[in-house]
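Asker: no letters, just coordinates:
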């Protein structure tokens, strides 16, 4: 007795599931996503580093650095997640099971990009009278 399998799209398969089964699958997907690296999350939502870089107005190499960083500012992580179409949610979980949402950190207003001031040109020409009057030490 051989079993025949029909290939189905995930959306079709999910539509045949009971609400309880869909809830279990959704919970497992959320749990799995919570353990992924940033690059895995980016790939899972269907974005390339180049696309994320364009949204962040950065180069692709900068996105690669963000994804491989062991430590970063929350503002950097928030901008990265928002470029993927998500929202950063920060919470604290305590040993007794209490989970506290920390809204004041995840919703900090975005700072405008800092612009460097143009470099001042050095004046060339004769020394000022005060400097010319001082004898040089040798």
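Answerer: That came in fine, so what should we check first? Worth saying up front: this structure is predicted, and the values here are computed from it rather than measured.

Asker: buried ones in stretch 51-64?
Answerer: By neighbour count with 16 or more other CB atoms under 10 Å, stretch 51-64 contains the buried residues 52, 53, 56, 58, 63. Every C-beta, even on glycine, is put in place using the N, C-alpha and C of the backbone.

Asker: ok, now stretch 92-103?
Answerer: In stretch 92-103, no residue is buried by neighbour count (16+ other CB under 10 Å).

Asker: pLDDT on it, on average?
Answerer: Mean per-residue pLDDT for stretch 92-103: 90.

Asker: how about residues contacting the longest helix anywhere in the chain?
Answerer: When the chain is scanned for its longest helix (criterion: DSSP state H), the result is helix 19-34. By CB atoms under 8 Å, 6 or more residues apart in numbering, the list of residues contacting helix 19-34 from outside reads 14, 17, 41, 44.

Asker: low-confidence ranges in the protein?
Answerer: Confidence mapping of the chain against pLDDT under 70 gives the ranges 1-3, 33, 105-138.

Asker: what about the helices in it?
Answerer: In the chain, the segments counted as helices under DSSP H are 10-16, 19-34, 38-44, 49-56, 60-68, 74-83, 103-106, 129-133.

Asker: now do the fourth one: everything it contacts.
Answerer: For helix 49-56, the external contacting residues (CB under 8 Å, 6+ apart) are 42, 59, 60, 62, 63, 64, 67, 79, 80, 83, 84.

Asker: let's have these in JSON lines, adding distance to residue 6.
Answerer: As requested, those are exported to JSON lines (distance: CB to CB, whole Å):
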{"residue": "42", "distance to residue 6": "32"}
{"residue": "59", "distance to residue 6": "46"}
{"residue": "60", "distance to residue 6": "41"}
{"residue": "62", "distance to residue 6": "45"}
{"residue": "63", "distance to residue 6": "40"}
{"residue": "64", "distance to residue 6": "41"}
{"residue": "67", "distance to residue 6": "38"}
{"residue": "79", "distance to residue 6": "43"}
{"residue": "80", "distance to residue 6": "39"}
{"residue": "83", "distance to residue 6": "38"}
{"residue": "84", "distance to residue 6": "33"}
